[in-house]
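Asks: build the 3D model from these lines:
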Amino acid sequence: MIHFLSENEWIFKKPIFIMRMSNSISFKALLLTWGIGALGSIPFMAFADTYPSRTIKIVVPFAAGGGGDFVARSFVDKFSETLKQPVVIENKGGGNTVVGTEIVSKAPPDGYTIGLVSTSFSTNPTLMAQMPYRTPEDFAPISLVITYPFGLAAKLGLEANTVQEIIAYAKKNPSRLSIATSGDGSGSHLAALMFQEALGSDVVMVTYRGAGPAINDVAAGHVDLLFTGMSQIKPLSDAKRLKIIASSGLNRIQSQPQTKTISEQGIKGFNAVVWWGMLAPPGTPKDIVDKLNSALRAALNQPEVAKRLEVVDGEISPSSPQEFEQMVKMEVIKWKKLLGSHKLKAE
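Replies: Predicted coordinates:
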């Protein structure tokens with residue numbers, strides 16, 4: 001038979017209670033308080049949701065198979081291994097990357113929806129008449145992922161083999177030099193605009209729907225110059241169908257170390273690269289951002305990931321959240337100045 005102690009028995013058998021309960025506190029209330037106190041000794045983490053505890057989604061604002069999709073898939077498996085949770089990619093192309101990026105800006109700030117963005121993230125504020133978010137204020141930057149430069153190629157018949165010779169040719173033949181691009185606001189177009197500014201002479205911009213047709217027309221001798229991926233033009237250079245003049249980043253491309261940069265060839269500080277970075281919704285707690293940053297660094301440090309990204313001649317460049325945020329702010333200012341002077345707008 002179970003015997004329940006009376007209030008007086010409890011007090012007698014538990015001398016640690018040196019003060020009698022006042023009439024205003026019931027015996028049941030004391031037992032309840034004692035029970036809660038006991039629960040308080042159990043570590044809080046037994047009840048808390050430790051991040052991450054479920055699937056994380058990376059929104060890629062490009063169609064499957066595109067450059068952004070390739071970059072995300074190059075590290076997503078190692079990212080998942082580090083976080084010890086599934087990580088899936090959701091392609092949301094459209095609106096010059098705005099559609100997918102807006103999804104991230106409005107997602108819950110819990111670290112389970114994050115996004116991959118590229119150079120267009122910093123050009124859209126100038127190219128787009130209206131934006132559904134502010135850049136970068138409406139996001140929590142995580143890290144820069146990768147940068148990769150272009151190769152500057154020329155048709156074989158161009159009377160110039162170096163950047164300095166191109167500068168001289170442009171001055172001698174104003175408005176005759178032509179550059180193929182793969183669309184207004186594209187990476188190749190931005191590089192071409194920067195190069196035009198550095199030349200100090202107008203050039204003819206010839207716009208194509210994609211890099212393939214642009215490369216073919218330079219190889220055929222219809223257009224003078226082209227900025228595009230080094231891996232795309234190297235086979236044509238080896239086949240003597242066009243010539244490689246320079247690379248567009250500050251550092252030489254690892255797969256083409258003999259090719260000097262534009263900066264090395266006289267236009268000091270020239271740096272036209274495509275970049276990709278990761279961000280989270282605004283208000284994401286710092287500890288979650290830091291955990292994502294750490295996991296991304298670990299993933300990008302894997303030899304398998306570096307091997308996959310070799311195909312785009314990329315330079316893996318993880319950063320702190322603060323460094324990435326500052327870089328984006330500087331990019332917005334840079335492109336606003338350049339694109340604004342040409343009065344360019346996205347279609």
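Asks: hang on, Phe227 packs against Ser248?
Replies: Yes - with contact defined as CB atoms under 8 Å, Phe227 and Ser248 form a contacting pair (6.3 Å). C-beta: built from backbone N, CA, C; applies to glycine.
Asks: common neighbours of the two, please.
Replies: Between them, Phe227 and Ser248 share these contacting residues under CB atoms under 8 Å, 6 or more residues apart in numbering: 150-152, 191, 272.
Asks: in strands only, show me those.
Replies: Judged by DSSP state E, strands contain the following of the shared contacts of Phe227 and Ser248: 151-152.
Asks: farthest-apart pair in the shared contacts of Phe227 and Ser248, please.
Replies: Gly151 and Ala272 (11.2 Å; CB to CB).
Asks: what residues are shared contacts of these two?
Replies: Common neighbours of Gly151 and Ala272 (CB under 8 Å, 6+ apart) are 227, 248.
Asks: for Ile58, which non-adjacent residue is spatially closest?
Replies: Nearest residue to Ile58 in three dimensions, chain neighbours excluded: Ile89, at 5.2 Å (CB to CB, 6 or more residues apart in numbering).
Asks: also Ser201?
Replies: Spatial nearest neighbour of Ser201, excluding adjacent residues (CB to CB, 6+ apart): Ala170 at 4.2 Å.
Asks: distance of the one you found from Leu177?
Replies: Using CB to CB, to the nearest Å, Ala170 is found at 5 Å from Leu177.
Asks: let me see the domain layout of this structure.
Replies: Following automatic domain parsing, the chain resolves into domains at 56-147+276-341, 151-247.
Asks: check which helix or strand covers the residue most central in space within the chain.
Replies: For the chain, the residue sitting closest to the mean C-alpha position, by CA atoms, centre = their mean, is Gly277 at 1.3 Å. Using DSSP states H and E, the secondary-structure element containing Gly277 is strand 273-280.
Asks: pull the CA atoms of that strand into PDB?
Replies: This file holds the C-alpha atoms of strand 273-280, laid out as PDB (Å, rounded to 0.1, in the frame of the first residue of the first chain):
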ATOM      1  CA  VAL A 273      36.200  38.200 -62.700                       C
ATOM      2  CA  VAL A 274      33.000  36.300 -62.200                       C
ATOM      3  CA  TRP A 275      32.400  35.500 -58.500                       C
ATOM      4  CA  TRP A 276      30.000  33.300 -56.600                       C
ATOM      5  CA  GLY A 277      29.000  33.600 -52.900                       C
ATOM      6  CA  MET A 278      26.600  32.200 -50.300                       C
ATOM      7  CA  LEU A 279      24.100  34.200 -48.200                       C
ATOM      8  CA  ALA A 280      21.300  33.600 -45.800                       C
END
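Asks: and it, what does it pack onto?
Replies: Helices and strands touching strand 273-280, as assessed by 3 or more CB pairs under 8 Å, 6 or more residues apart in numbering; DSSP states H and E, comprise helix 67-83, strand 113-118, strand 140-149, helix 286-300, helix 321-341.
Asks: out of those, which gets nearest to Thr126?
Replies: helix 321-341 (4.6 Å).
Asks: what sits up against the closest one?
Replies: Contacts to helix 321-341, defined as CB under 8 Å, 6+ apart, come from residues 119, 121-123, 125-127, 135-136, 140-144, 185, 190, 193-194, 197, 275, 277, 279, 289-290, 293, 319.
Asks: burial measure for the residue lying closest to the residue nearest to the centre of the chain once chain neighbours are set aside, as a count.
Replies: Nearest non-adjacent residue to Gly277, counting by CB to CB, 6+ apart: Leu144, 4.6 Å away. By the criterion of other CB atoms under 10 Å, Leu144 has 22 neighbours.
Asks: try Lys106
Replies: 12.
Asks: neighbour count: Ala170 and Leu177, which is higher?
Replies: Neighbour count, other CB under 10 Å: between Ala170 and Leu177, Leu177 has more, with 25 against 22.
Asks: I'd say the more buried one and Val203 touch.
Replies: Yes - Leu177 is in contact with Val203 according to CB under 8 Å; the separation is 4.6 Å.
Asks: show the pLDDT at the nearest residue to Glu315 once chain neighbours are set aside.
Replies: For Glu315, ignoring the flanking residues on the chain, the nearest one in space by CB to CB, 6+ apart is Thr147 at 5.2 Å. Thr147 carries a pLDDT value of 93.
Asks: and Thr147, how many neighbours?
Replies: 20.
Asks: just checking, it touches Leu250?
Replies: No - between Thr147 and Leu250 there is no contact under CB under 8 Å: 9.5 Å.
Asks: thought Lys171 was touching Leu177?
Replies: No - between Lys171 and Leu177 there is no contact under CB under 8 Å: 9.9 Å.
Asks: common neighbours of those two, please.
Replies: Applying CB under 8 Å, 6+ apart, one finds that Lys171 and Leu177 are jointly contacted by 199, 201.
Asks: re earlier: of the contacts of helix 321-341, which count as buried by neighbour count?
Replies: 119, 121-123, 125-127, 135-136, 140-144, 185, 190, 193-194, 275, 277, 279, 289, 293, 319 (16 or more other CB atoms under 10 Å).
Asks: how many neighbours does Ile146 have?
Replies: By other CB under 10 Å, the residues close to Ile146 number 22.
Asks: am I right that it is in contact with Glu315?
Replies: Yes - between Ile146 and Glu315 there is a contact at 6.6 Å, judged by CB under 8 Å.
Asks: need the overlap of contacts for the two.
Replies: Contacts common to Ile146 and Glu315, judged by CB under 8 Å, 6+ apart, are absent.
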